[in-house]
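**Student:** this one's sequence-less:
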């Protein structure tokens, strides 16, 4: 239901604003990205005020640009290095 409502709202938006991102081929993706950000902004803002969040949730909120209380990324205990080498898993 939500996906149909989002596409319908995009149709209404584009009928009222026909020049919005007219030259781009990914207008649906851009619209849905803006819509999802707008719909989750109040929840993310409220959640960023909670001090007892899991480290990965804090890191996700920081990546979205929210201020998270108590500590920095280094204090979260989350591995931020994405250039790790993969190793084979051996069972003992």
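**Tutor:** That came in fine, so what should we check first? These numbers were taken from a predicted model, which means no experiment stands behind them. Residues are numbered from 1 along each chain as shown.

**Student:** Apart from its neighbours in sequence, what residue is nearest the spatially most central residue of the chain?
**Tutor:** Nearest to the mean C-alpha position of the chain, by CA atoms, centre = their mean, lies residue 64 at 6.1 Å. Closest residue to residue 64 apart from its sequence neighbours, by CB to CB, 6 or more residues apart in numbering: residue 44 at 6.3 Å. (Each C-beta comes from the backbone N, C-alpha and C, glycine too.)

**Student:** SS state for that neighbour?
**Tutor:** Following DSSP: H, G, I helix; E, B strand; the rest coil, the label given to residue 44 is helix.

**Student:** can you pull the contacts of it?
**Tutor:** 61, 64, 66 (CB atoms under 8 Å, 6 or more residues apart in numbering).

**Student:** just curious, which of the residues you listed is nearest to residue 3?
**Tutor:** Minimum distance to residue 3 across those is 22.1 Å, recorded for residue 64 (CB to CB).

**Student:** Might you list the low-confidence residue ranges for the protein?
**Tutor:** Applying pLDDT under 70 to the chain flags the ranges 70-84, 90-92.

**Student:** 90 instead?
**Tutor:** For the chain, the stretches flagged by pLDDT under 90 are 1-3, 18-28, 48-92.

**Student:** Now do the helices in it.
**Tutor:** Using DSSP state H, the helices of the chain run over 2-16, 27-48, 55-63.

**Student:** List of residues touching the first one?
**Tutor:** The one in question is helix 2-16. So helix 2-16 is in contact with 20, 27, 28, 31, 32, 35, going by CB under 8 Å, 6+ apart.
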